[in-house]
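> Predicted structure and sequence below. I'll ask about it afterward.
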Amino acid sequence: GGARWLRRAALKGHLEAQNMLALCYLKGLGVERKPSTALKWWHKAGSNGHVGSMFNLARAHAGGYPQVPYDNATAAKWLKKAAHRGHTLSLFILGQWSSEGTVLGVPKDIPLAQTLLQRAADKGHVPSWYSLGLLHDKGEDGLPKNQTLAFEMFHRAAEGGHIAGMFRVAQCLEECRGVETANDQAANDWRRRLSRPP
């Protein structure tokens, strides 16, 4: 089957084939299920610059796959490599981890969190706009509280369909947070959007 051809391409050094073969071993698709072999193929591809493999290694070690040992330090290492190469979801997750400081290998660093989340948001990642709004709404560790900017970030998330962003926009409009005057009509419009079925 397909796994046999993936293996042949992977053995010849094809990075995407190595990434896909790792998924086959992880899930037992066309090969015996062997998560340890999946990690080896991801490591090989990731070490040679395959960003998807870097992210998959991070996800695996962060508890994203069954039967893979939980190792947040290793997850953080690979997530940083993928984020450095501009991988959107890696930027977002690393930004979240940096805003919290609860993950081994990723200290709390609000300015770094803001930078990473902004990079992900600039790539169109809607949840990053929401997370940026939370950072500006709270303001801490050198990032001043700025409700006007928080509202702008929440609004961008809401426009992208982010439900919690819609709620925050309605809340800001209702409570006059980050906007010049309260706007009950606009708040009600956003609340109506929340109540609509998807």
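Structure received.

> since we're on Glu175, how many residues are nearby?
Neighbourhood size, Glu175 [other Cβ atoms under 10 Å]: 12. All C-beta atoms are positioned from the backbone trio N, CA, C, and that covers glycine.

> swap in Gly139?
By other Cβ under 10 Å, the residues close to Gly139 number 15.

> Now do the contacts for it.
Gly139 is in contact with 145-146, counting by Cβ atoms under 8 Å, 6 or more residues apart in numbering.

> For Val106, which non-adjacent residue is closest in space?
Trp97 (4.3 Å; Cβ to Cβ, 6 or more residues apart in numbering).

> Look up which helix or strand that neighbour falls in, please.
Assigned by DSSP states H and E, Trp97 belongs to helix 88-100.

> gap between that helix and the chain center?
In terms of Cα atoms, centre = their mean, to the nearest Å, the centre of helix 88-100 is found 6 Å from the chain centre.

> list the buried ones in the helix or strand just after it?
Beyond helix 88-100 on the C-terminal side, the first helix or strand identified by DSSP H and E is helix 110-122. Neighbour-count burial for helix 110-122, counted by 16 or more other Cβ atoms under 10 Å, picks out 110, 112-114, 116-121.

> ok, now stretch 91-110?
Along stretch 91-110, these residues count as buried under the neighbour rule (16+ other Cβ under 10 Å): 91-99, 103, 106, 109-110.

> Closest one to Asn146 out of these, please.
In terms of Cβ to Cβ, no member of these lies closer to Asn146 than Ile110, at 12.9 Å.

> Against Met54, how distant is that closest one?
25 Å (Cβ to Cβ, to the nearest Å).

> and if you look at Asn19?
The gap separating Asn19 from Met54 is 10 Å, by Cβ to Cβ.

> Looking at the two, which has the bigger crowd around it?
Met54 (27 against 24).

> what about the nearest residue to Arg4 once chain neighbours are set aside, is that helix, strand or coil?
In space, and not counting its chain neighbours, Arg4 is closest to Gly30: 7.4 Å by Cβ to Cβ, 6+ apart. Put simply, Gly30 is coil when judged by DSSP: H, G, I helix; E, B strand; the rest coil.

> burial measure for Gly30, as a count.
With other Cβ under 10 Å as criterion, Gly30 counts 15.

> Likewise for Val68?
Look at Val68: counted by other Cβ under 10 Å, it has 18 neighbours.

> and it, what are its phi and psi?
phi -110, psi 130 (degrees, to the nearest 10).

> how near is it to Phe55?
As for Val68, its distance to Phe55 is 14 Å (criterion: Cβ to Cβ).

> cool, Trp42 as well?
From Trp42 to Phe55 the distance is 9 Å (Cβ to Cβ).

> Strands of this protein, residue ranges please.
Assigned by DSSP state E, the chain shows no strands.
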